[in-house]
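Chemist: Make a model of this:
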Amino acid sequence: MHLSEAKAAVMGAAAVVGGVIGQAFGGWNAAMTTLLVFMAIDYLSGLVVAGVFKASDKTESGSLNSIACWKGLFKKGMTLIIVLVAAQLDTVLGTAFVRDAVVIAYIVNETISIVENAGLMGLPIPDVIMSAIEQLQNKENQQTENRR
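Modeler: Sure, this is the predicted structure:
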């Protein structure tokens, strides 16, 4: 097998795996991309708060701690599992709002955490960000109301 054939095989396998994962999560859209980007930003900003500013509320000293880092990663992983569960519930129920509501709720949560991390770094938070958080919370509440 030539290198180009091996590369094509790996790329093909990655595409199949990616497609299966995307389908399991109810398809891939801007909300899922946003959630993953915000999860990464939150985790990295948390590392900066602890490692550089020594201002983390996750440890007594405020500095980096491997256990706190692992807990954060496991929480992010569990968030994705809950999104997966919500997508599967949509499939069983024949709906399209459970996953979207869960993703929006987690986007709000990640946004708030990012803003908190920025505050711990001493950065002022623009009003437009706070307004966007309120709009997301209203959207989440509307989707909850529509389910009833």
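Chemist: Please make it C-alpha for all contacts and neighbour counts, starting now.
Modeler: Noted.
Chemist: what's the nearest residue to Gly72 if we skip its chain neighbours?
Modeler: Closest residue in space to Gly72, ignoring its immediate chain neighbours: Tyr43 at 7.2 Å, by Cα to Cα, 6 or more residues apart in numbering.
Chemist: same thing with Tyr106?
Modeler: For Tyr106, ignoring the flanking residues on the chain, the nearest one in space by Cα to Cα, 6+ apart is Leu35 at 7.1 Å.
Chemist: Surely the one you found touches Ala105?
Modeler: No: Leu35 is beyond contact range of Ala105, at 9.7 Å (criterion: Cα atoms under 8 Å).
Chemist: the more surrounded of these two?
Modeler: For Leu35 against Ala105, the residue with the higher neighbour count under other Cα atoms under 10 Å is Leu35, and the figures read 22 against 18.
Chemist: And the pLDDT at the residue nearest to Tyr106?
Modeler: At Leu35 the predicted local distance difference test score is 98.
Chemist: how far away is it from Gly18?
Modeler: In this structure, Leu35 and Gly18 are separated by 17 Å, where distance is defined by Cα to Cα, to the nearest Å.
Chemist: packing partners for the top helix by length along the chain?
Modeler: The helix spanning the most residues in the chain, taking DSSP state H as the definition, is helix 66-93. In terms of contacts (3 or more Cα pairs under 8 Å, 6 or more residues apart in numbering; DSSP states H and E), helix 66-93 is packed against helix 3-24, helix 30-51, helix 98-120.
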